[in-house]
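Asker: when you get a sec, could you give me coordinates for this:
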Amino acid sequence: MFDLKEVLQPIADWVNGFGTPDIVNHWGHPFFMSIVIFAMGTFVGISGWRIRKLATTDAEVVTQSKAKHRQVAPLMYVFLASGYIGGLLSLVIQDQPLLESPHFWTGSVVIILLTINALISGTGFIGNKATLRTVHAYLGSLALAVMVFHAFLGLKLGLSI
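Answerer: All right, here's what the predicted structure looks like:
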């Protein structure tokens, strides 16, 4: 059977060899991911809804929002995917179980939702179809909502270990 912890242990041992203080191993992931979730996530969400002209009707704001959304959303995705791996490594370093936490599962849901959203966007909304743009907007908003719940679960987890 596939044991994720066993696969990640050599990487965690290598990272742990840097002599990182325990507080950084414990709170580094939540600190940096909270910045990504709350700062970048809020920015990406608001700029995305501005593109749909629901948050503004100013054409210049819509154009700027589209450009900024296209710049920041992929970076947010990369940071979240990296943070997902970093969170797993943090748990391995702290000798904690990986797949038992609701925090792990909400993080997985976020990555899945954002991957689907990236694929939808990456296709150019298959000919700029309005339906796919709507799915993209609501899927992204759902991912942001799950991220907030995920952060709450992460805080709860962090305080319990």
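
Asker: so for the lowest-mean-pLDDT helix or strand in the chain, what gets flagged as buried?
Answerer: Lowest mean confidence among the helices and strands of the chain (mean pLDDT, DSSP states H and E): helix 124-128, at a mean of 87. Neighbour counts over helix 124-128 (16 or more other C-beta atoms under 10 Å) mark residue 125 as buried. The way it works is simple: take the backbone N, C-alpha and C, and place the C-beta from them, glycine included.

Asker: and if you look at stretch 36-55?
Answerer: Those would be 36-37, 40-41, 43-45, 47-51, 55, for stretch 36-55 by 16+ other C-beta under 10 Å.

Asker: other SSEs contacting the helix or strand that the least confident helix or strand of the chain is followed by?
Answerer: Moving toward the C-terminus from helix 124-128, the next helix or strand (DSSP states H and E) is helix 130-160. With contacts taken as 3 or more C-beta pairs under 8 Å, 6 or more residues apart in numbering; DSSP states H and E, helix 130-160 sits against helix 22-35, helix 41-51, helix 102-122, helix 124-128.

Asker: now the angle from helix 130-160 to helix 22-35?
Answerer: 160 degrees (axes from the mean of the first three to the mean of the last three C-alpha atoms, to 10 degrees).

Asker: re earlier: and the least confident helix or strand of the chain, how far out from the chain's middle?
Answerer: The chain centroid and the centroid of helix 124-128 are separated by 24 Å under C-alpha atoms, centre = their mean, to the nearest Å.

Asker: so what touches that helix?
Answerer: 132-133, 136 (C-beta atoms under 8 Å, 6 or more residues apart in numbering).

Asker: list the buried residues for the host helix or strand of residue 14?
Answerer: Residue 14 is part of helix 4-16 when elements are defined by DSSP H and E. If you call a residue buried by 16+ other C-beta under 10 Å, then helix 4-16 has these buried ones: 8-9, 12, 15.

Asker: elements contacting that helix?
Answerer: With contacts taken as 3+ C-beta pairs under 8 Å, 6+ apart, helix 4-16 sits against helix 59-93.

Asker: which other helices and strands does the helix it packs on contact?
Answerer: helix 4-16, helix 22-35, helix 41-51, helix 102-122.
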